[in-house]
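In: From the sequence below, what's the structure:
(chains A and B)
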Amino acid sequence: MTDPVVVCRGVSRTYQQESVPVHALSQVDFTVYPGEFVSLSGPSGSGKSTLLNIVGGLDRPDEGSVSVDGVDLGELSESKLAELRLHKLGFVFQAYNLIPVLSALENVEFIMQLQGVSPVERAERATAVLDRLGLADMLHRRPGELSGGQQQRVAVARAIVSEPVLLLADEPSANLDSSTTKDLLELLKQLNEEGMTIVTATHDTMVMSYALRQVHLRDGQIEHDDQVQSA
Amino acid sequence: MTQAVSLSAPTSAPTGDTGLTWRLAWRNLWRNPRRTWLTAGGIAFASLLVTLSMSLQQGSYDAMVSSATGFYLGQAQINHNLYEDEGKLEQTVAPAGELRRSLEQISGLHVAPRVQVYALASVGQRSFGAAVVGVDFEAEQKLVSFFDRVTQGRLPVEDNEVLIGEALSRNLGAQLGDELVLLGTGKEGGIGALALTIAGLYASGRPELDRSLVFTQLASVQNGFGLGDEVHALVLGFDDIDKLAPNLERLSRGLPDNAELRTWQQLLPEVVQSIELDRISAVLFYGSILILVTFSVVNTFIMIIFERTREFGMLLALGTRPAIIMRQVQAEALMMWLVGTAIGLLLSNLLVGWAAVQGIPLGMMEEMAEQYYMPSRLYPAISLYAMSLAPLVLLFGTQLAAFFVTLRVRRLKPVEALRAE
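Out: Model prediction:
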């Protein structure tokens, strides 16, 4: 069996909310293997976003260990953690979070500039990935000139352009209508079929239905973790 | 199995290509055009005000110095080292002829020798005390404007001719062509006497001078008062006053032991003091303007940072190092400065250029200006210093403002920043 992309062991995270401790995660063990499409679901406050943030190196657990692609995140400084996010992870956010003054192409290029990719190469790669996601005619449009679904596709393009080992999506369909959500999910499904490992936190049953593994959290613990037959 | 390894991927520092950074900086400026125009307008206004004021200020100093030195005193003088304090007849510099010839070897330098004695000036039955100044009129005219103020007659040409002030002429009841008798004490203690014909009258604009100074040929006074080849002053002046400072050492070289060189700063300490005083108050004024504008830049960047917290959170989440975000904001501050400074300098250059040609009439202040040796129109001095000081201070101020404000980015947690509204 191949090495896992994500290994969480005994992960706990407690927040202080107005001096009251809130146990967002308690002793969670969670492993993701290459090529999986995992949905993290559960009611608000169940800990799904916290787990996603910890896996993505955006937050650190109070207890337990997390490794991504064989790298123990607990051993990394903030700057090394940032490097890991930049080079190994792709993020899709609920609110797209594109840079409004850059065109679709430039938004995708921007991340590669940070990675040190040459201007020619990044233009080629960004154009190719946007073309592939059906945005060939929108390369030079700014986010404000794109629909919600198109913006989210640009965000996906930005996330996958560097071929990360893991794509993390936090409520990717929250701002989309059902038709656009379906298009997005078909895209994620296609990426997954090509080998992309995807973990998404969601409330949306449609998103869950596309995942091949459904992890349900409640009160900071995994309530059930089910493999689903591919449609 | 987990492993604590260093990442093999390249560092997240961007490559040398910064085109996207500058493009982004420029476009970010225009997210809120009104705010950008207000801030850049503040920078432009400060640049305009300070550069224009400094140019006018320097122009007024130049005019003041030029008028003060060009009126009568010259840019520098060589005197006996006790003459300034004691002013005695025998405190002279010699041999004056040789010294003058030596100094005239210096390119662009004009030298005018002067002797000054005190005498009783009489025409007919009337007598008044006067200072008799022996000069080389031709040399004087190359150095000072005093002798341009002849109102009647002409400058003395012959050894027995004299130029007197209109006021003294009135006091003595004298007219052109009258004989003026000067009676005083010669250097050796004997009587010094001259009988001269009034060739011209002058009005300097200073009644105290017009009442007391009479001018005749240098040799006449030297001979009449037993001074030989001695002078009380060698008045010096370059075509361009800026040549004085670099030539000071050369001018001092070879002076007799009892002689000293005094520059206009030593001859006119009141002018130096008044310039210094004005400069200090101007520095306070400029400083206040520049600090105010810098605070407006701080305010703008505080708003920018708060408005874009979510965007910065996204960038941090994607793996952007805080230093890169800070550099991005610094680039925006630089763009803001560029816009403001370009406008400010453009307007300033137009105004200064116009004023340099037309001059700014002083109007009601003309009389006061004259007391400070100022001309009736003020011409600004165009200098790199005046044009660059305010922009450079503002560059430093805007960069410092942006830097301190963006320090907040270092403390941002991506997860919290992404939740910002």
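In: how many other residues sit next to whichever residue of chain A sits closest to chain B?
Out: In chain A, no residue comes nearer to chain B than residue A:86, which is 2.6 Å away by C-beta to the nearest C-beta. Just so you know, the C-beta spots here come from the backbone N, C-alpha and C atoms, and that holds for glycine as well. The burial count assigned to residue A:86 is 25, neighbours taken as other C-beta atoms under 10 Å in any protein chain shown.
In: Where do the helices of chain A begin and end?
Out: Secondary structure of chain A (DSSP state H): helices located at A:48-55, A:78-88, A:104-115, A:119-132, A:148-160, A:178-193, A:205-210.
In: Looking at the ones you listed, which is nearest to residue B:136?
Out: Judged by C-beta to C-beta, the one of those that comes nearest to residue B:136 is helix A:119-132, at 74.6 Å.
In: List the contacts of stretch A:212-222.
Out: The contact list for stretch A:212-222, computed with C-beta atoms under 8 Å, 6 or more residues apart in numbering or on different chains, reads A:12-13, A:23-30, A:36-43, A:46-48, A:50-51, A:192, A:208, A:223-228, A:230.
In: helix or strand right after the longest helix anywhere in chain B?
Out: The single longest helix within chain B, with elements called by DSSP H, is helix B:269-307. Once the chain leaves helix B:269-307, the next helix or strand it forms, by DSSP states H and E, is helix B:309-318.
In: ok, now which ones touch the residue nearest the centre of chain A?
Out: Here the mean C-alpha position of chain A is nearest to the C-alpha of residue A:168 (C-alpha atoms, centre = their mean), at a distance of 1.2 Å. Listed by C-beta under 8 Å, 6+ apart, the contact set of residue A:168 reads A:52, A:55, A:56, A:89, A:90, A:91, A:92, A:198, A:199, A:200.
In: tally of neighbours for the residue in chain B that chain A sits nearest to?
Out: Nearest to chain A in chain B, going by C-beta to the nearest C-beta, is residue B:319, at a distance of 2.6 Å. The tally of other residues near residue B:319 (other C-beta under 10 Å) stands at 25.
In: Likewise for residue A:225?
Out: 15.
In: Give the bridge partners for the closest residue to it other than its chain neighbours, please.
Out: Closest residue to residue A:225 apart from its sequence neighbours, by C-beta to C-beta, 6 or more residues apart in numbering or on different chains: residue A:215 at 4.8 Å. Beta-bridge partners for residue A:215, by DSSP bridges, are residue A:40, residue A:225.
In: got it, and residue A:13?
Out: With DSSP bridges as the rule, residue A:13 is bridged to residue A:25.
In: pLDDT wise, what is it at?
Out: Looking at residue A:13, its pLDDT is 94.
In: how about it, what does it touch?
Out: Shown in contact with residue A:13 (C-beta under 8 Å, 6+ apart): A:23, A:24, A:25, A:47, A:50, A:54, A:59, A:61, A:62, A:220.
In: any idea how far the residue of chain B closest to chain A is from residue B:37?
Out: Separation of residue B:319 from residue B:37 (C-beta to C-beta, to the nearest Å) stands at 34 Å.
In: now do residue B:195
Out: Distance, residue B:195 to residue B:37, using C-beta to C-beta: 78 Å.
In: higher neighbour count, these two?
Out: A count of neighbours by other C-beta under 10 Å puts residue B:37 above the other of residue B:195 and residue B:37, at 16 against 13.
In: could the helices of chain A be laid out in TSV, adding distance to residue B:280?
Out: Putting these into TSV (distance: least, C-beta to C-beta, whole Å) gives the following:
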stretch	distance to residue B:280
helix A:48-55	58
helix A:78-88	48
helix A:104-115	49
helix A:119-132	52
helix A:148-160	57
helix A:178-193	68
helix A:205-210	71
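In: With mean pLDDT and distance to residue B:56 as extra columns, can I get these in TSV?
Out: Output for the helices of chain A, formatted as TSV (pLDDT from 0 to 100; distance: least, C-beta to C-beta, whole Å):
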stretch	mean pLDDT	distance to residue B:56
helix A:48-55	94	61
helix A:78-88	92	52
helix A:104-115	91	46
helix A:119-132	91	48
helix A:148-160	91	54
helix A:178-193	88	64
helix A:205-210	92	70
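In: Out of these, the one nearest residue B:154 is which?
Out: Nearest of the helices of chain A to residue B:154, taken as C-beta to C-beta: helix A:119-132 at 79.8 Å.
In: could you check the angle helix A:178-193 makes with that closest one?
Out: 120 degrees (axes from the mean of the first three to the mean of the last three C-alpha atoms, to 10 degrees).
In: Now do helix A:119-132 against helix A:148-160, angle only.
Out: Orientation check (the same axes, to 10 degrees): helix A:119-132 against helix A:148-160 gives 140 degrees.
In: mind checking how far helix A:119-132 is from the chain centre?
Out: From the chain centre to the centre of helix A:119-132 is a distance of 21 Å (C-alpha atoms, centre = their mean, to the nearest Å).
In: What is that helix packed up against?
Out: helix A:104-115, helix A:148-160 (3 or more C-beta pairs under 8 Å, 6 or more residues apart in numbering or on different chains; DSSP states H and E).
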